[in-house]
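In: mind folding the following:
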Amino acid sequence: MMVRTILVVEDDLPLQYVIKFKLVKEGFAVIAVGSGEEALQALKSQPSVLIWLDLFLPGMGGWRFLEMIRRSPQYKEVPVMIVSVLSDRERIRKAFELNVVDYIVKSENDLGYAVGKVKQYYERRGQ
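Out: From the prediction side, this is the model:
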């Protein structure tokens, strides 16, 4: 079976730890970083990942990171799942215009829901 790797981009370290723990428990390989800059570096070494992206990040924010990889021929097709506190329709619409596979609002869904969405993403691809 193919290794299913998730790049978790979350600056809240306790939350990052819990996300990583839950994903590893479900059989995923996890690379966890706390900023957009670190995510770009991780992507260079591990381009075939699903990205779990928070939008509020220090330095390069999640939007800028997403826009940057979508402009890159090398990364424009990398699947991105946004998991954010931002819930306004305009931002969600903008995210889907940038070809995200899902947008999960933290306040409306628990972590188990988001992990389930990751599993569904891979199941739809037969992985």
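
In: every contact and neighbour count from this point should use C-alpha atoms.
Out: Will do.

In: so what sits opposite the residue nearest to the spatial centre of the chain in the bridge?
Out: Nearest to the geometric centre of the chain sits Trp52, at 1.4 Å (CA atoms, centre = their mean). Taking DSSP bridges, one obtains Val8, Met81 as the residues bridged to Trp52.

In: Ala32 too?
Out: Val8.

In: picking up where we left off before, measure the residue nearest to the centre of the chain to Ile19 for me?
Out: To Ile19, Trp52 is 10 Å away according to CA to CA, to the nearest Å.

In: so what sits against both of those two?
Out: With contacts defined as CA atoms under 8 Å, 6 or more residues apart in numbering, the residues shared by Trp52 and Ile19 are Val8.

In: from memory the residue nearest to the centre of the chain sits against Ser84, does it?
Out: No. Using CA atoms under 8 Å, Trp52 is not in contact with Ser84; the gap is 9.8 Å.

In: excluding chain neighbours, what is closest to Ser48?
Out: Val78 (7.0 Å; CA to CA, 6 or more residues apart in numbering).

In: hmm, that neighbour is touching Leu50, no?
Out: Yes. Val78 lies in contact with Leu50 (CA under 8 Å); the separation is 6.7 Å.
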